[in-house]
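*Asks:* missing the sequence, but the structure's below:
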């Protein structure tokens, strides 16, 4: 099935560093969401974006909804060890038969060295 | 407010056996989604309910898969005649119409078919 193009696939950083990851699609989405998943658990919602160009923060996390509605970015500032996990972007369309379902990226594996 | 719950968390079965998973959504969430996630990939949409009506099914959902939500509350996902390729994490998510329709995920059921 269709998946979004998420990069990078993995990142190894030192505690305190900032992190950036992005997600692109060939089609337009009306909503972009970012989730974090720990091993053996379900994804946890971090940030949701609803308007093109929107910039939203949640603590040390900042995400942006691209102007073209085909991309989104997530930044984590001053990383800490508990930021370790897999980060997924997800797009959601409105209307038609695709309404509601999420299309996910392949994930970015984040490792933080203390 | 409790989150989405899934049962069982883990299931090991032999090829050819039938299995059934249960999902209890967040109370008052009228939308319920099933996704499947294989190792190293993002979740992929399987099917979606609004109240008791199954409104969309992915082509990933073969004839051996069936999902129900008889009273518009909990849902079950049954896989008949399991195959080794069915081994995956099965995730359930719920959301509420009238708001921003953000999907919240349960912890998942890890299925291993031997």
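*Replies:* Structure's in. What do you need? Please read all numbers here as calculations on a predicted model, not as lab measurements. Residues are numbered from 1 along each chain as shown, chains lettered A, B, ... in the order given.

*Asks:* got the contact list for the residue in chain A that chain B sits nearest to?
*Replies:* Of chain A, the residue with the smallest distance to chain B, taken as C-beta to the nearest C-beta, is residue A:104 at 3.0 Å. (Glycine included, C-beta is placed from N, CA and C.) Contacts were defined as C-beta atoms under 8 Å, 6 or more residues apart in numbering or on different chains; by that measure residue A:104 touches A:3-4, A:88-90, B:42-44.

*Asks:* what average pLDDT does the host helix or strand of it get?
*Replies:* In the assignment (DSSP states H and E), residue A:104 maps to strand A:102-104. With pLDDT averaged residue by residue, strand A:102-104 scores 95.

*Asks:* rewinding a little: which member of the contacts of residue A:104 is positioned nearest residue A:73?
*Replies:* Using C-beta to C-beta, residue A:89 is the member of the contacts of residue A:104 that sits closest to residue A:73, with 9.0 Å.

*Asks:* the residue nearest to that closest one when sequence neighbours are not counted pairs with what?
*Replies:* Nearest residue to residue A:89, sequence neighbours excluded (C-beta to C-beta, 6 or more residues apart in numbering or on different chains): residue A:23, at 3.4 Å. Partner residues in beta bridges with residue A:23, using DSSP bridges, are residue A:6, residue A:72.

*Asks:* among the contacts of residue A:104, which two are most distant?
*Replies:* In those, the most distant members under the criterion C-beta to C-beta are A:89 and B:44, with 14.3 Å between them.

*Asks:* between those two, who's got more neighbours?
*Replies:* Relative neighbour count places residue A:89 above the other of residue A:89 and residue B:44, with 31 against 20, counting by other C-beta atoms under 10 Å in any protein chain shown.

*Asks:* all strands of the chain, in order?
*Replies:* Went with chain A since none was named. Assigned by DSSP state E, the strands in chain A fall at A:5-7, A:10-14, A:19-24, A:31-37, A:44-49, A:55-58, A:61-65, A:71-76, A:85-92, A:102-104, A:108-113.

*Asks:* chain B, not that one
*Replies:* With DSSP E, the ranges of strands along chain B come out as B:5-7, B:10-13, B:19-24, B:31-37, B:44-50, B:53-57, B:65-68, B:75-79, B:88-95, B:104-105, B:109-113.
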